[in-house]
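Peer 1: got a predicted structure plus its sequence, pasted below:
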Amino acid sequence: MRVSHSLPALILALHSFIPVSLAAQDFDFRQSIEVPPLQNPVTAGVELRPQEHSLLRPYWILDNSNTPVPIQTVDIQTDVLHTARILSGPDAASEGSSLTQVFDGNPETAFTPAATTEHRFLLQTEEPASPQFLLCQLRSGAIDSMRFRYGRSEDLLTQSFQGTPSGTRIPVFSSPATVFEIVLETSGTLEIAELQLLETTKVILFTAEPGQRYTLAYDFSASEEKPPTDTNLRFAGAVKAKLSTALYAGKQGADADGDFIPDAKDNCPRESNTGQKDADRDGIGDACDVAPALSNTRQPDTDGDGIHDGADNCPSFPNPDQKDIDGDGTGWMCDDADGDGVMNGTDNCIGVPNTGQQRTGGSALGDACKGDPDGDGISTENDNCKEVPNADQADEDGDRVGDACDVCPLLYDPPQQDRDADGTGDRCQSGAGGQDADRDGIGNERDICVFTADPGQEDGDGDGVGDACDNCPQESNVLQQDTNTDGRGDACSDTDRDGVSDAMDNCPAHSNPEQEDSNGNGVGNLCEDTDKDRILNTEDNCPSSGNPTQEDADSDGDGDACDDRDDRTPEGKKPWVPFLLGGAIAVLAVIIGIHNKMIVNQQDMV
């Protein structure tokens with residue numbers, strides 16, 4: 001009886017030595033969100049790059065007190081060529097035809113190249129992009145063959161597609177790149193209305209409160225917990241929030257290049273390379289290896305800025321931020337903006353040729369820059385913001401007016417009209433139709449296809465997403481979910497061809513027309529992964545215990561993690577099992593005996 005009464009206390013004592021999983025577990029990565037100063041609560045949106053949102057699940061937004069904030073996620077398709085710089089292209093067939101008409105976002109205009117069998121377009125974007133589809137719209141003519149290549153420079157391009165396109169929307173999945181080549185082969189004359197490279201961006205919407213700071217939290221592992229949602233949030237009119245440049249930190253450690261490989265494990269810690277490819281196996285990834293085919297563990301860093309010469313866009317002058325304002329692949333500090341033979345990093349008057357670098361009066365500014373009223377080192381005649389300092393001369397919309405003084409910095413607006421003198425240009429005023437990203441004459445706030453020109457605003461399925469940008473225009477699908485990224489929404493897709501659409505299928509990757517779900521958790525039996533080791537039960541040699549490596553020493557089909565027999569021994573049993581069980585029983589008996597003796601001693605004392 002004394003033993004039976006003491007068992008609850010014993011179990012409690014043993015329980016204190018067993019690890020307990022904590023609900024408030026830390027996240028793999030965290031990143032600060034920069035929200036503009038607010039007077040009132042507003043809907044804000046954070047954009048995730050394709051390589052980010054394809055890897056992460058789930059993602060949360062936390063406030064100052066680490067409390068999850070309700071969110072809504074939407075997928076937006078952006079044409080990365082709309083603001084790209086045209087490096088080269090075919091000649092026009094006539095004076096009235098312009099190469100820019102191919103990339104202006106307006107299918108009503110068309111470009112007719114000069115008669116030849118091959119038309120090559122080469123473009124460069126300011127920021128790396130990962131487009132998934134090439135949209136090719138022709139007014140007339142036919143394409144016999146097409147080639148698409150991408151890369152970080154014109155000399156190093158990777159081919160993604162070559163063949164005869166079966167439609168206007170061609171899959172061209174690419175890694176992050178800044179240079180894109182499109183080659184069209186034809187035996188006749190072409191009239192090209194539009195060429196667009198479409199990149200899907202996931203936007204996380206949330207309500208931002210004045211005075212609050214927010215963090216985006218990431219997790220790689222699947223989790224039963226889901227972030228709270230707010231289905232009332234809308235993308236139209238949302239304030240753009242930015243992820244801070246001081247990138248990731250969390251239980252995985254810092255990640256300077258944002259490729260989700262912690263710096264301590266990253267073979268290119270300052271060059272994004274999620275695949276970690278290392279052809280010569282020297283421990284230095286191909287993305288930053290000066291000789292990727294030759295093993296060489298000692299990589300030179302001439303300027304000592306922490307970025308070795310193979311990955312440094314300015315190896316002769318320290319520039320850890322790797323800023324490249326003109327997108328030419330050469331860091332701003334190594335560029336020569338004024339062509340005087342002195343690179344920007346050492347030039348005492350950037351923007352005005354002054355080979356001799358003369359300066360008087362003890363000033364660090366060269367004499368040639370005396371006519372520079374804003375003191376940013378750019379002469380007045382060359383300054384795109386003559387009265388506002390902006391040494392970087394950033395001009396995001398390419399209208400030759402610097403962002404620092406542009407009344408409408410995100411829209412091409414050379415006239416800079418601001419009739420009410422409120423500091424916001426007429427093109428950006430909501431009263432003038434709002435911002436019009438796709439230039440179809442309908443402001444973003446009212447446009448049901450913000451980034452795809454659709455002046456007719458057709459919406460056949462009534463889901464609020466215009467037919468021109470709807471990945472399933474026949475079926476209502478507000479969130480535009482596209483699990484297999486084939487460009488066809490889940491509401492219209494049936495990946496496994498079992499007669500059940502992906503949106504309704506409890507196992508969209510494996511044919512299961514009966515939709516069997518034994519445990520009723522919403523995941524079909526064929527897609528269950530009970531032990532969360534990312535190997536489906538139907539393929540797992542030990543579905544009840546996590547074993548991602550699927551080790552099976554005796555090759556009997558039962559994974560070592562749950563196999564109590566070693567079929568390689570004569571007896572067919574693992575000889576250490578009885579000793580382990582016997583030892584455990586002996587230890588438990590000793591603990592119980594000591595415990596009972598303590599109780600007897602206490603009773604004798606009484």
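Peer 2: Received, thanks.

Peer 1: need the contact list for Ala114.
Peer 2: By CB atoms under 8 Å, 6 or more residues apart in numbering, the contact list for Ala114 reads Pro90, Asp91, Ala92, Ala93. All C-beta atoms are positioned from the backbone trio N, CA, C, and that covers glycine.

Peer 1: where along the stretch 1-150 of the chain do the helices fall?
Peer 2: Here the stretch 1-150 of the chain has its helices, by DSSP state H, counting those that start in this stretch, at 2-15, 50-53.

Peer 1: returning to what we had before: nearest to Lys532 among the contacts of Ala114?
Peer 2: Nearest to Lys532 among the contacts of Ala114 is Pro90, at 53.2 Å by CB to CB.

Peer 1: pLDDT score assigned to Gln417?
Peer 2: At Gln417, the predicted lDDT confidence score is 78.

Peer 1: confidence score at the nearest residue to it once chain neighbours are set aside?
Peer 2: Leaving aside its chain neighbours, Gln417 sits nearest to Asp426 (4.5 Å; criterion: CB to CB, 6 or more residues apart in numbering). Per-residue pLDDT puts Asp426 at 70.

Peer 1: look up how far Val407 lies from Asp426.
Peer 2: Distance, Asp426 to Val407, by CB to CB, to the nearest Å: 8 Å.

Peer 1: now swap in Ala584 and tell me
Peer 2: Using CB to CB, we find Ala584 at a distance of 76 Å from Val407.

Peer 1: so which of these two has more stuff around it?
Peer 2: More neighbours surround Val407 than the other of Ala584 and Val407, with 20 against 10 (other CB atoms under 10 Å).

Peer 1: correct me if wrong: that one contacts Thr424.
Peer 2: Yes: applying CB atoms under 8 Å, one finds Val407 in contact with Thr424, separated by 6.2 Å.

Peer 1: what is in contact with these two at once?
Peer 2: Common neighbours of Val407 and Thr424 (CB under 8 Å, 6+ apart) are Asp418.

Peer 1: ok so, going back, among the contacts of Ala114, who's most crowded?
Peer 2: Highest neighbour count within the contacts of Ala114, by other CB under 10 Å: Pro90, with 20 neighbours.

Peer 1: wait, that residue touches Thr117, no?
Peer 2: No: look at Pro90 against Thr117 with CB under 8 Å: they stay out of range, at 11.0 Å.

Peer 1: sorry, back to before: ok, the residue nearest to Gln417 - contacts?
Peer 2: The contact partners of Asp426, by CB under 8 Å, 6+ apart, come to Cys408, Gln417, Asp418, Arg419, Ala432.

Peer 1: filter the residues you listed to the buried ones?
Peer 2: Cys408, Asp418 (16 or more other CB atoms under 10 Å).

Peer 1: let's have the contacts of Asp426 in a markdown table, adding secondary structure and distance to Ile86.
Peer 2: Below are the contacts of Asp426 laid out as a markdown table (DSSP: H, G, I helix; E, B strand; the rest coil; distance: CB to CB, whole Å):
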| residue | secondary structure | distance to Ile86 |
| --- | --- | --- |
| Cys408 | coil | 23 |
| Gln417 | coil | 27 |
| Asp418 | coil | 30 |
| Arg419 | coil | 33 |
| Ala432 | helix | 29 |
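
Peer 1: tell me the one among the contacts of Asp426 nearest to His82.
Peer 2: Using CB to CB, these come closest to His82 at Cys408, 16.0 Å.

Peer 1: nearest residue to the closest one in space, please, no chain neighbours.
Peer 2: Spatial nearest neighbour of Cys408, chain neighbours left out: Gly425 (3.4 Å); criterion: CB to CB, 6+ apart.

Peer 1: what's the burial count for that neighbour?
Peer 2: Residues within reach of Gly425, counting by other CB under 10 Å, total 20.

Peer 1: quick one: Leu157 and Val183 touch, right?
Peer 2: No: here Leu157 does not reach Val183: they are 10.8 Å apart, not a contact under CB under 8 Å.

Peer 1: coming back round to it: identify the contacts common to Asp426 and Val407.
Peer 2: Shared contacts of Asp426 and Val407, defined by CB under 8 Å, 6+ apart, are found at Gln417, Asp418.

Peer 1: for Ile591, helix, strand, or coil?
Peer 2: Secondary structure for Ile591, judged by DSSP: H, G, I helix; E, B strand; the rest coil, is helix.

Peer 1: what about it, distance to Ala584?
Peer 2: Note on Ile591: its distance to Ala584, by CB to CB, is 11 Å.

Peer 1: would you put the C-alpha positions of the strand ranked longest in the chain in CSV?
Peer 2: In the chain, with assignment by DSSP state E, the single longest strand is strand 191-208. Coordinates of each C-alpha in strand 191-208 appear next as CSV, following Å, rounded to 0.1, in the frame of the first residue of the first chain:
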residue,chain,number,x,y,z
GLU,A,191,4.1,43.1,-84.7
ILE,A,192,5.0,42.8,-81.0
ALA,A,193,2.5,44.3,-78.6
GLU,A,194,4.1,43.3,-75.3
LEU,A,195,6.9,41.3,-73.7
GLN,A,196,6.5,41.0,-70.0
LEU,A,197,8.5,38.9,-67.4
LEU,A,198,6.0,38.2,-64.6
GLU,A,199,7.3,37.8,-61.0
THR,A,200,4.9,36.7,-58.3
THR,A,201,5.3,38.6,-55.1
LYS,A,202,3.6,37.6,-51.9
VAL,A,203,2.3,40.6,-50.0
ILE,A,204,1.5,40.3,-46.3
LEU,A,205,-1.1,42.8,-45.2
PHE,A,206,-1.6,43.9,-41.6
THR,A,207,-3.0,46.8,-39.6
ALA,A,208,-0.1,49.1,-38.5
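
Peer 1: sorry, back to before: ranking the helices of the stretch 1-150 of the chain by mean pLDDT, which is last?
Peer 2: Lowest mean pLDDT within the helices of the stretch 1-150 of the chain: helix 2-15, at a mean of 37.

Peer 1: got any ranges where the stretch 401-550 of the chain has weak pLDDT?
Peer 2: Residue ranges of the stretch 401-550 of the chain with pLDDT under 70: 420, 428-439, 444-445, 478-479, 483-486, 502-503, 533-534.

Peer 1: for stretch 87-101, give the mean pLDDT please.
Peer 2: For stretch 87-101, the per-residue pLDDT averages 89.

Peer 1: ugh, wrong one, stretch 118-136
Peer 2: Stretch 118-136 comes out at a mean pLDDT of 89.

Peer 1: ok, now stretch 390-400?
Peer 2: Mean predicted confidence for stretch 390-400 is 81.

Peer 1: check contacts around the nearest residue to Cys507 once chain neighbours are set aside.
Peer 2: Leaving aside its chain neighbours, Cys507 sits nearest to Gly524 (3.1 Å; criterion: CB to CB, 6+ apart). Contacts of Gly524 were listed using CB under 8 Å, 6+ apart, and they are Asp505, Asn506, Cys507, His510, Asn512, Gln515, Glu516, Asp517.

Peer 1: contacts only, for the last one.
Peer 2: By CB under 8 Å, 6+ apart, the residues touching Asp517 are Asn506, Val523, Gly524, Asn525.

Peer 1: how much space between the closest residue to the second one other than its chain neighbours and Asn525?
Peer 2: Residue nearest to Val523 in three dimensions, not counting chain neighbours: Asn506, with 5.9 Å by CB to CB, 6+ apart. Taking CB to CB as the measure, Asn506 and Asn525 are separated by 9 Å.
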